[in-house]
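Colleague: sequence below, structure please.
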Amino acid sequence: MTRYLWSVFTKPWAGLPGNELGRLVAGLGFTGAEIPVRDTAYVTPASAEAELPKFVGQLRAEGVEPISIASELSESVFSACAEAGVPLIRIMAPLGDDGYAASVRRTRERLEEVAGFAEQYGVQVGVQQHHGRFVASSLGVLQLLNGLPRERFRVIWDAAHDILAGDDPAVTLPLVADRLAMVNLKNVIYTRTDATGDIGGAWKPWFVQATDGLANWSAVFRQLAAQNYTGPICLTGQYSDLSVSVEDRLEQDLRAARSSC
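Modeller: A predicted model of the protein is given here:
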């Protein structure tokens with residue numbers, strides 16, 4: 001059976017200290033974690049240099065390896081990752097009111113600005129596709145990264161956002177294979193919203209269990225096996241219906257994912 005580092009995005013428990021978070025994550029069956037380093041989290045960008053190494057050490061003491069952080073691209077965050085031994089910073093590419101082309105140009109300029117930090121600190125930048133007001137397709141992310149060093153600027157591929165973009169993992173995973181650093185797993189359907197008076201369009205994404213969504217996780221794993229991918233698989237813990245605990249949903253989805261390999 002193909003071996004992956006089974007990881008989870010720890011945003012649902014962003015306020016927990018590292019020792020408590022490590023025990024929770026390990027108890028759910030994961031051996032890896034992505035850590036939010038944001039103003040709303042236990043470790044913030046301002047405190048990262050002081051706090052991230054200690055936080056990461058507490059996770060490792062519980063058998064959980066930090067695979068990445070979700071954060072900003074400041075030098076202090078790169079420095080904190082290097083000190084803590086965290087290999088990657090995950091971001092998305094937002095779209096502003098000035099339109100797609102100008103937004104992509106602005107993000108590309110920012111990536112070029114931090115290329116020196118990525119090299120100096122030995123920390124990768126991973127860009128994830130995201131529906132809505134972001135670069136939404138794998139092809140769009142690849143075009144954004146074209147010409148930047150492959151060993152430093154990587155792709156984070158997300159199953160739910162792939163299907164929301166109308167794509168197919170049999171097409172997009174080979175497309176990003178040379179830059180693929182991590183695979184995010186969540187699933188999604190569309191649900192009706194209140195009518196607005198517009199002609200159509202009264203639908204929104206609704207994040208669901210693995211077995212209930214539009215994305216075919218089994219097809220994802222078949223394609224990953226064909227590509228000999230052995231990197232991290234990260235379940236993102238994003239569910240729109242909060243009547244069932246995130247922990248219970250993640251345990252179910254981890255079992256489903258493991259059964260597909």
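Colleague: only C-alpha atoms for contact and neighbour calcs from this point on.
Modeller: OK.
Colleague: check contacts around the residue most central in space within the chain.
Modeller: The residue lying closest to the centre of the chain (CA atoms, centre = their mean) is Asn184, at 5.3 Å. For Asn184, the contact set (CA atoms under 8 Å, 6 or more residues apart in numbering) comprises 156-159, 233-236.
Colleague: where exactly do the helices run in the stretch 1-150 of the chain?
Modeller: Applying DSSP state H, counting those that start in this stretch to the stretch 1-150 of the chain gives helices spanning 18-27, 48-61, 75-84, 100-121, 138-145.
Colleague: list the helices and strands the longest one packs on?
Modeller: Other helices and strands packing on helix 100-121, by 3 or more CA pairs under 8 Å, 6 or more residues apart in numbering; DSSP states H and E, are helix 75-84, helix 138-145.
Colleague: could I get those helices in a markdown table, plus columns for distance to Gly29 and mean pLDDT?
Modeller: Below are the helices and strands packed on helix 100-121 laid out as a markdown table (distance: least, CA to CA, whole Å; pLDDT from 0 to 100):
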| stretch | distance to Gly29 | mean pLDDT |
| --- | --- | --- |
| helix 75-84 | 23 | 98 |
| helix 138-145 | 29 | 98 |
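Colleague: hey, which of the ones you listed is tucked in deepest?
Modeller: Highest mean neighbour count of those: helix 75-84, a mean of 20 (counted as mean count of other CA atoms under 10 Å).
Colleague: which outside residues touch that helix?
Modeller: Residues contacting helix 75-84 (CA under 8 Å, 6+ apart): 45-46, 48-50, 52-54, 56-57, 71, 87-89, 114, 117-118, 121-123.
Colleague: just the buried residues of those.
Modeller: For those, a burial check counting by 16 or more other CA atoms under 10 Å picks out 45, 48-49, 52-54, 56-57, 71, 87-89, 114, 117-118, 121-123.
Colleague: quick one on the thing from earlier: among the contacts of Asn184, who's most crowded?
Modeller: Neighbour tally across the contacts of Asn184 (other CA atoms under 10 Å): the maximum, 29 neighbours, falls on Trp157.
Colleague: doesn't that one fall inside a helix?
Modeller: No. Counting by DSSP: H, G, I helix; E, B strand; the rest coil, Trp157 falls outside a helix, being strand.
Colleague: find the helix or strand that the residue nearest to it when sequence neighbours are not counted is a member of.
Modeller: Nearest non-adjacent residue to Trp157, counting by CA to CA, 6 or more residues apart in numbering: Val183, 5.0 Å away. When elements are assigned from DSSP states H and E, Val183 belongs to strand 180-185.
Colleague: what residues of stretch 181-198 count as buried?
Modeller: Buried-residue list, stretch 181-198, by 16+ other CA under 10 Å: 181-189.
Colleague: go through those residues and name the one nearest Ala170.
Modeller: Val183 (13.8 Å; CA to CA).
Colleague: if we can go back for a sec, and the helices and strands packed on helix 100-121 as CSV, adding distance to Val176?
Modeller: As requested, these are exported to CSV (distance: least, CA to CA, whole Å):
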stretch, distance to Val176
helix 75-84, 24
helix 138-145, 7
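Colleague: nearest to Ala177, out of those?
Modeller: Closest approach to Ala177 among those is made by helix 138-145 (10.5 Å; CA to CA).
Colleague: elements contacting the closest one?
Modeller: helix 100-121, strand 153-158, helix 169-176.
Colleague: now do the shortest one: everything it contacts.
Modeller: This points to strand 153-158. So strand 153-158 is contacted by 90, 124-130, 138, 141-142, 145, 173, 176, 179-186 (CA under 8 Å, 6+ apart).
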